[in-house]
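A.B. asks: Fold the following.
(2 chains)
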Amino acid sequence: MTGVRTRFAPSPTGYMHIGNLRTALYAYLHARKNKGKFILRIEDTDQTRLVEDSIRVIYDSLAVTGLEYDEGPDKGGPVGPYVQSERRPIYREHAEKLLNEGSAYRCFCNKDGNSEKQPTDDPADPILGYDGRCRKLSAAETQEKLAKGLPYVIRQKIDKEGRTIFNDFVYGEITVDHKQLDDQILLKSDGYPTYNFANVVDDHLMGITHVMRGCEYISSTPKYILLYRAFGWEIPEHIHLPHILNESGRKLSKREGSVALSSFLEKGYLPEAILNYIALLGWNPGTEEEFFSKEGLIEKFDIARIGKAPSIFDEKKLLWLNSRHIKARKPEEIHELFLKFYPDAIVNKFDVKQITGLIQGRVEKMSDIPQMVSFLMELDENYSKELFVNKKNKTTLEGSLAVLKDLESLLSGIASWNYDGIYGAVNSYAEAKGVKIGAIMWPLRVAISGLTVTPGGAVEIAELLGKSESIRRISLAIRKL
RNA sequence: GGCCUGUUCGUCUAGUGGUCUAGGACGCUGCCCUCUCAAGGCAGAGAUCACGGGUUCAAAUCCCGUACAGGCCGCCA
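C.D. replies: This is a model prediction of the structure:
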């Protein structure tokens, strides 16, 4: 175990939070960048919060985004197991070591909290937390309670004297007075470790060199430092990451809008676009590039360029990046993906590959596809005839009527119904009339689509619709006018 | 309440004492291109660098204070 080792250590909550995904991404990028190892560890020490199948969600999320890990529960590795609930003997052993050395003690206080100081208790002494009463228990008293079979927790002894200074890679030197710290619980009464304890033990045992996590852990990091010292362990590099906020500047939460990776995937965002976007939230490459593939990110990533300020998640920019990533994909690949979003009726009736060719450069997110192509399937016959009037192309109601009448017979006479054939016919008609082609295309488009804005030109749409359907729609427009 | 942290265009950000009359990107507006839209090209609006004091010949950049925001103070992680 040499070189850089980073880890992603999610709790199985049932969904992949986008902020968590960014933490995973940074840890992954840092490992790959430095030819190190990226490890997956499942932190399932809260038995009351277990969510069925949620480990699957973690696997799937990392798989779909391509954040492949070198060691993990399903991959194995030299420092397993990689699921905390399977490591209980390890935590107990370590907790007992501290117990024997006198840097931890058993606490028999119950969970009702009456040994915890509350905010309102004493304004003159504003520091909260456990009051440490069980520290004073004599060995005999402890034995007596133990013999009675009373439940207990193991707490770390933290003296109120002094302070701890640690260096955070992004936030710099952080000092916390020990008065602010209380005797944290290491082992819960159900025998499971707390996050605080398991995290330190595992990060050390798993040889993690760079601890990356959300900045909500900054305040408790001194406690972890104290734990490392109590064990005599080397302290890894700490890299705390600023939060990602929602539009109103609040923490991204499930209640308001999307936070789950799955919801973005369902909306038709490409995994590489999501990765690209979240990478830029709190980090920048130091150049003016913004469009990155995963490989590009690995190449450019540098923890020295992670920022401190929280950032607001802006779906508009994600959308822009998504459309760029859609354009960057090979047509065959993108067609595969689009296929999932085309309504069955479209797939059955049209050459969808051709549609993909038309819309690949215009789709911002794939869930927009049905809406974009629905007019092909069914013409909304109630469209307003005012759509035929377009100032720029100098079209009018009467003019359009005349054009469509001509087109109706002209197009009916076309032998080979393809782009060149249709375009040629329309083009020479325009030339003969001495008008710009737009003056002809406008009424054509409106007639065959019922829209003023279409993905692709009028000819392309006519080709897609086929001869008889195109003529039918033109005739209908004539009647309308 | 205590402690910790943050604050540059609406948003993401560049910026580590002089090159900043603050750069880029998204979004927005307009123009060009164009059979519509999108893409692309060009142009534009948009930031008294949270505020107030210092330090310095010189501060977005250093120091102090204030305000605002977030985090922590769980047998949650």
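
A.B. asks: distance of residue A:404 from residue A:445?
C.D. replies: According to C-beta to C-beta, to the nearest Å, residue A:404 and residue A:445 sit 11 Å apart. Every residue, glycine included, has its C-beta placed from N, CA and C.

A.B. asks: Within the helices and strands, which one has residue A:463?
C.D. replies: Assessed by DSSP states H and E, residue A:463 sits inside helix A:458-465.

A.B. asks: which strands and helices sit next to that helix?
C.D. replies: Counting contacts by 3 or more C-beta pairs under 8 Å, 6 or more residues apart in numbering; DSSP states H and E, helix A:458-465 packs against helix A:352-359, helix A:369-377, helix A:419-433, helix A:437-449.

A.B. asks: Kindly calculate the angle that the second one makes with helix A:352-359.
C.D. replies: Okay, so that is helix A:369-377. If you take axes from the mean of the first three to the mean of the last three C-alpha atoms, to 10 degrees, helix A:369-377 sits at 120 degrees to helix A:352-359.

A.B. asks: Could you do the last one as well?
C.D. replies: In this structure, helix A:437-449 runs at an angle of 130 degrees to helix A:352-359, with the same axes, to 10 degrees as the basis.

A.B. asks: so how far is RNA strand B from residue A:140?
C.D. replies: According to C-beta to the nearest atom of the strand, to the nearest Å, residue A:140 and RNA strand B sit 21 Å apart.

A.B. asks: what helix or strand is that residue on?
C.D. replies: If you go by DSSP H and E, residue A:140 is part of helix A:139-147.

A.B. asks: neighbouring contacts of that helix?
C.D. replies: A:105, A:106, A:108, A:137, A:152 (C-beta atoms under 8 Å, 6 or more residues apart in numbering).

A.B. asks: I'd like the residues you listed laid out as TSV, including neighbour count, secondary structure and pLDDT.
C.D. replies: Converted to TSV, the contacts of helix A:139-147 look like this (neighbours: other C-beta atoms under 10 Å; DSSP: H, G, I helix; E, B strand; the rest coil; pLDDT from 0 to 100):
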residue	neighbour count	secondary structure	pLDDT
A:105	20	strand	95
A:106	19	strand	95
A:108	18	coil	92
A:137	16	coil	90
A:152	19	coil	94
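
A.B. asks: can you put those residues in JSON lines and add distance to residue A:212?
C.D. replies: Converted to JSON lines, the contacts of helix A:139-147 look like this (distance: C-beta to C-beta, whole Å):
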{"residue": "A:105", "distance to residue A:212": "32"}
{"residue": "A:106", "distance to residue A:212": "33"}
{"residue": "A:108", "distance to residue A:212": "37"}
{"residue": "A:137", "distance to residue A:212": "39"}
{"residue": "A:152", "distance to residue A:212": "34"}
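
A.B. asks: Near RNA strand B, which residues of the stretch 351-481 of chain A? Just list them.
C.D. replies: Counting by C-beta under 7 Å from any atom of the strand, the stretch 351-481 of chain A comes close to RNA strand B at A:361-362, A:393, A:423, A:436-438, A:441-442, A:444-445, A:452-460.
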